[in-house]
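[1] give me coordinates for this.
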Amino acid sequence: MTRSTSPSDPLLILATGNRAKGRELAALLAGLPYRVEDLSAYPDIVLPPEGETSYTENALGKARAVTRATGRMALGDDSGIEVDAFDGRPGVLSARYGGEGLTDTGRNALMLRELVGVPAARRTARYRAVIAITAPDGREVAIEGTVEGLILESPRGDGGFGYDPIFYYPAFGMSFGEVSATAKHAVSHRGRALAQARALLRRWAS
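    Predicted coordinates:
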């Protein structure tokens, strides 16, 4: 499984099994001096289970597992949506909100049911993402990004993934499910964290 590192062959492996997230991460990393691969090229790698308290530890755990298995630089992430009316839930448990068997559509529907009757002023929420990068020489870093918005009363748009169709971004006057990928990446939690990560990765490649 381990591949030798080479300055002439810089490789960055995305430590995620979520294909939609992998595509988004790859798009946000475009133009960097790295080949970017996802875990489909490494079917034997098993990522550690996510914990329930820390985005940072979850992101670092994934990246560390891939770096250990491959001897290559890896990028892991963890993200969630924090709803103020729920005292910050589901947060780090966003991907498991309502149980492991629910789809994105099911999780959105559950959240909307829980928010029935809650006025717009109390439907404030934020997306939070942590990007972790680990290198075989022991370097590692975790970078956080957030974006503030509101939870709609019904889904709008079919773009993005996760909670995007019910996450309303006031500056756009639209949900993240309605905007283009380019527009979303410019302001999203993951886009903001990746903007910082891109600068770091450029330095590490030099």
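[2] nearest residue to R122 in space, please, no chain neighbours.
    Among residues not flanking R122 along the chain, A85 sits closest, at 5.1 Å (CB to CB, 6 or more residues apart in numbering). In this view, the C-beta of every residue, glycine as well, is placed from N, C-alpha and C.
[3] can you check the pLDDT for that neighbour?
    According to the prediction, A85 has pLDDT 97.
[4] list the contacts for it?
    By CB atoms under 8 Å, 6 or more residues apart in numbering, A85 lies in contact with L115, V118, R122, R123, T124.
[5] hmm, try it at 10 Å
    Each residue near A85 by CB atoms under 10 Å, 6 or more residues apart in numbering is listed here: E114, L115, V118, P119, R122, R123, T124, A125, I151.
[6] one more: E57?
    By CB under 10 Å, 6+ apart, the residues touching E57 are P48, E50, G51, D78, V92, V130, A132, A142.
[7] same thing but 6 Å
    G51 (CB atoms under 6 Å, 6 or more residues apart in numbering).
[8] which of the helices or strands spans it?
    Following DSSP states H and E, one finds E57 within helix 55-70.
[9] residues of that helix that come out buried?
    Of all the residues in helix 55-70, those buried under the rule 16 or more other CB atoms under 10 Å are 55-67, 69-70.
[10] out of these, who's nearest P165?
    P165 has its nearest neighbour among the buried residues of helix 55-70 in Y55, at 22.3 Å by CB to CB.
[11] can you give me the helices in this structure?
    Ranges of helices in the chain, per DSSP state H, are 19-28, 55-70, 104-114, 181-187, 189-205.
[12] which of these is buried the deepest?
    Most buried of those, by mean neighbour count (mean count of other CB atoms under 10 Å): helix 55-70, with a mean of 21.
[13] relative to its centre, which residue of the protein is most distant?
    Distance from the C-alpha centroid of the chain, by CA atoms, centre = their mean, peaks at G117 (29.6 Å).
[14] and that residue, how far from A197?
    G117 sits 40 Å away from A197, going by CB to CB, to the nearest Å.
[15] put the alpha carbons of the worst-scoring helix or strand of the chain on mean pLDDT into PDB.
    Using mean pLDDT, DSSP states H and E, helix 19-28 stands out as the lowest-scoring helix or strand of the chain, at a mean of 86. Backbone C-alpha positions of helix 19-28 (Å, rounded to 0.1, in the frame of the first residue of the first chain) are rendered in PDB as follows:
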ATOM      1  CA  ARG A  19     -17.900  11.000  -3.200                       C
ATOM      2  CA  ALA A  20     -19.900  14.300  -3.300                       C
ATOM      3  CA  LYS A  21     -17.600  15.800  -0.700                       C
ATOM      4  CA  GLY A  22     -14.500  14.400  -2.500                       C
ATOM      5  CA  ARG A  23     -15.600  16.100  -5.800                       C
ATOM      6  CA  GLU A  24     -16.100  19.400  -3.900                       C
ATOM      7  CA  LEU A  25     -12.700  19.100  -2.200                       C
ATOM      8  CA  ALA A  26     -11.000  18.300  -5.500                       C
ATOM      9  CA  ALA A  27     -12.600  21.300  -7.200                       C
ATOM     10  CA  LEU A  28     -11.500  23.600  -4.400                       C
END
